[in-house]
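Participant: What follows is a predicted protein model with its sequence.
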Amino acid sequence: MAKWQGKKFGGTHTTLIEAAEPLVVAAENLPEVKKIVLGIIISKPNKMGKERIKFTQMSGGLKATVRGAKGIQEIWIYSDFPEQVLKNLQLS
């Protein structure tokens, strides 16, 4: 697990699970993204072994639930254009 504090960082939680690193880096590079806030990590081993990301649109942006090999983390991505951000993140 890495520590992260990017230019669009918000909040106090800085730990990032490995499976979420590519998502956060891609989101940070999108001009439509205003702020990224990392949620807590739930330690729950992924018995299926497959990493996945589920996006949920919310007021003001997106919530990404990232399931990795060792845990689950929610990440909030704030933007005025969540549809465009979602499209760009799904392509990366």
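Facilitator: Sure thing, it's come through.

Participant: And the strands in the chain?
Facilitator: Listed in chain order, the strands found in the chain under DSSP state E are 2-3, 9-10, 15-16, 33-43, 52-58, 61-67, 71-79.

Participant: Is it possible to get TSV of those that adds mean pLDDT and mean neighbour count?
Facilitator: The way it works is simple: take the backbone N, C-alpha and C, and place the C-beta from them, glycine included. Formatted as TSV, the strands of the chain follow (pLDDT from 0 to 100; neighbours: other C-beta atoms under 10 Å):
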stretch	mean pLDDT	mean neighbour count
strand 2-3	68	9
strand 9-10	74	14
strand 15-16	87	18
strand 33-43	92	17
strand 52-58	94	13
strand 61-67	95	20
strand 71-79	94	21
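
Participant: and residue 85, which of those is closest to it?
Facilitator: Comparison of the strands of the chain against residue 85 by C-beta to C-beta identifies strand 71-79 as nearest, at 4.8 Å.

Participant: Take the strands of the chain and write them to TSV, including distance to residue 86.
Facilitator: TSV is the format used below for those (distance: least, C-beta to C-beta, whole Å):
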stretch	distance to residue 86
strand 2-3	24
strand 9-10	19
strand 15-16	20
strand 33-43	11
strand 52-58	6
strand 61-67	6
strand 71-79	9
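
Participant: Right, I'll call it a day here.
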